[in-house]
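Chemist: everything below, folded, please.
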Amino acid sequence: MTVTVERVEVLCLQDPQAAYYRFEGSYRNVVVLVHGDNGLVGIGESDAPPEIVKALIEMPSYNQRSEGLAGIVTGQRVDDPSRLWDEMYARTQWHGRRGAAMHAISALDIAIWDLFAQSQGIPVCQALGGSRHDRLPAYATIYPLEDTPARIDAQVVPLLERGFRHLKICVEPWWNEPDRVRRNLAHLRDLVGPEHGLMLDVAQEYARLEQLQPFLDLLADLNFAWIEAPFPLDNLEDHARLRASTRIPIGVGDLGLTTCREFKPFLAADAFDIAQLDLTNFGGFTEAQRLAQMLAGTGRRIVPHAYNTDITIAANLHFLAAQPEPELVEYSTSPSRLRQSLVRGLEPIDADGMIPVPTLPGLGATLNPDAVAEFAVSRAAEASR
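Modeler: Next comes the predicted model:
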C-alpha cells in the first residue's frame, strides 16, 4: 500500500524529576510523528535538544537549500524512504549536513521507515532487506556507576538477576583516584564473574591518550570487551595511537558523528574497531545502512548506541536483525520515568539476556498516550525557556 505524508508532528517531552548530570539525556526527549494519509503513524526520536530538533522540522523555508524538514516531506509519497532522506539532506545543506540538522533528519527517517513498513504490513527489518536474527543479546548501560563495592553490588546484582550477560560502565568523577578505580573494577569483575562481558564508555572524559593510558593494563587484565568514546572526535591522532597501544577494541561515533563521511578519516587512520553510531543522530536507518555497506569487508563491527527510549532500542533491533552477524543491543538502565514508560510493545530481556526482535508491522513499538500527556512540554513552557 502506497502512503503519502499528510503531516508531521513534533513532541517535546520532559520528565519532571529531571536533573542535569554530566551528559545524562534520558530525562528529556523529542519524538517525531509522521502521519500518513492512510491513518497510520510512524514514530521516531533523536538524542538531541528537543527545541532545536523541533525548530529544524517546523521552520519556514529560508531558501531552496535551507528548508524546514516538515515542508520537505509533507505531501510526499513514502515509496522509498532513502529517496526522502536524500531530499531532506539536499534541501537543508545551507544550514545542515552535520550536527543538529542530521539529528532532526534521523528522527524523521526512523519515523518514515516505520510508516513505510506499517503500510506494507511488514516489520522494519524486513523492509531493510530481511530479518536474519529472531533475538539479539542485550547489554545494560549503568550510568552513573556507584563508587564503593557495597553500592556497586546493590546496583549490579538486580541487573544480573534480570538476565543481563553484558554490562557497560562509564568513567566517573572518582576515576581521578587510581586506587579506587582498581579496587572498584576488580570488585566488579569478581562480582559478575569471568563469563560476563564488561565494557567501558569513557564518554570523552579524557582529552588525550596520556590520561587514559594508566588504566589500559588494568582494563586488559579484567578482560574489558571494548573502550568507547575515548577522546573528543577532533583528536583523531590519539584514537589511532590508542588502538595501536592496546588489544582492547576501540569504539567511536556515538558522541558526535552524524554521517558516513565523518567515519572515513577514522577508517583511513585505522583508528577504531567498532562503529557506535546512534541511529537517532546518524541519519536513521538510511545512513546506517550506508555505513554498513561502507564497512563491509573491513573487519569493523557496528554496535549502535542507545540511551533514549524503546523507540531507539526497537530501531536498533530492526537494523541489527538485518545484518549478517548478531550484535549486542544497548539497553539503558536510566531510572527516568520518561525512559521507562513512554513506549509499549518491546518484549523484556529474557533469561538468556536476549531481546526478541519485534515482529509486528513497522517498529513494533507504540507511544503510551498517558506518558505523552504527562511528559509533554507545553508551548508556554517552551517559550519561557
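Chemist: now do the residue nearest the centre of the chain, the pLDDT please.
Modeler: By C-alpha atoms, centre = their mean, the chain has its centre lying nearest to A306, at 3.0 Å. Per-residue confidence (pLDDT) for A306: 95.
Chemist: which residues touch L267?
Modeler: M294, L295, T298, R300 (C-beta atoms under 8 Å, 6 or more residues apart in numbering). The C-beta positions use only the backbone N, C-alpha and C, and glycine is treated the same way.
Chemist: surely it is within a helix?
Modeler: Yes - applying DSSP: H, G, I helix; E, B strand; the rest coil, one finds L267 inside a helix.
Chemist: where does it land on pLDDT?
Modeler: Value listed for L267 in the pLDDT field: 98.
Chemist: and the strands in the chain, which stretches?
Modeler: 5-14, 28-36, 41-46, 135-141, 166-170, 197-201, 224-228, 250-252, 274-275, 301-302, 329-332, 343-344, 354-356, 366-367 (DSSP state E).
Chemist: other SSEs contacting the last one?
Modeler: The elements that strand 366-367 packs onto, with contact taken as 3 or more C-beta pairs under 8 Å, 6 or more residues apart in numbering; DSSP states H and E, are strand 343-344.
Chemist: same for the strand it packs on, what does it pack against?
Modeler: Using 3+ C-beta pairs under 8 Å, 6+ apart: strand 343-344 touches helix 310-321, strand 366-367.
Chemist: give me whichever of these is most buried.
Modeler: helix 310-321 (a mean of 27; mean count of other C-beta atoms under 10 Å).
Chemist: buried ones in stretch 242-261?
Modeler: Neighbour-count burial for stretch 242-261, counted by 16 or more other C-beta atoms under 10 Å, picks out 242-243, 246, 248-260.
Chemist: typo on my end, stretch 92-108
Modeler: Quick answer for stretch 92-108 (16+ other C-beta under 10 Å): T92, G96, A100, A101, M102, H103, A104, I105, S106, A107, L108.
Chemist: so for these, which is the shakiest by pLDDT?
Modeler: pLDDT across the buried residues of stretch 92-108 is lowest for G96, at 94.
Chemist: next step: the buried residues of stretch 92-108 restricted to helices.
Modeler: Using DSSP state H, A100, A101, M102, H103, A104, I105, S106, A107, L108 are the members of these that sit in helices.
Chemist: next up, the contacts around L13.
Modeler: L13 makes contact with R28, N29, V30, V31, P50, L338, L342, V372, F375, A376, V377, according to C-beta under 8 Å, 6+ apart.
Chemist: could you export the buried residues of stretch 92-108 as TSV, including distance to R290?
Modeler: Below are the buried residues of stretch 92-108 laid out as TSV (distance: C-beta to C-beta, whole Å):
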residue	distance to R290
T92	17
G96	17
A100	20
A101	17
M102	13
H103	17
A104	18
I105	13
S106	13
A107	18
L108	16
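Chemist: out of the ones in helices among the buried residues of stretch 92-108, flag the one nearest to Q76.
Modeler: Distance to Q76, by C-beta to C-beta, is smallest for L108 among those, at 11.1 Å.
Chemist: about what we covered before: closest one of the contacts of L13 to A365?
Modeler: For the contacts of L13, the residue nearest A365 by C-beta to C-beta is L342; the value is 9.5 Å.
Chemist: how far away is that closest one from L13?
Modeler: 7 Å (C-beta to C-beta, to the nearest Å).
Chemist: can you pull the domain assignment for this protein?
Modeler: 5-126+368-384, 129-361 (automatic domain parsing).
Chemist: where's the shortest one relative to the chain centroid, distance-wise?
Modeler: Remark: domain 5-126+368-384 is offset 15 Å from the chain centroid, using C-alpha atoms, centre = their mean, to the nearest Å.
Chemist: mind listing what R182 touches?
Modeler: With contacts defined as C-beta under 8 Å, 6+ apart, the neighbours of R182 are L218.
Chemist: ah, wrong one, I meant L222
Modeler: Per C-beta under 8 Å, 6+ apart, neighbours of L222: L185, A186, R189, L198.
Chemist: please apply the same query to G129.
Modeler: The contact partners of G129, taken as C-beta under 8 Å, 6+ apart, are A322.
Chemist: what of the one 4 residues further on?
Modeler: For H133, the contact set (C-beta under 8 Å, 6+ apart) comprises L320, A321, P326, V357.
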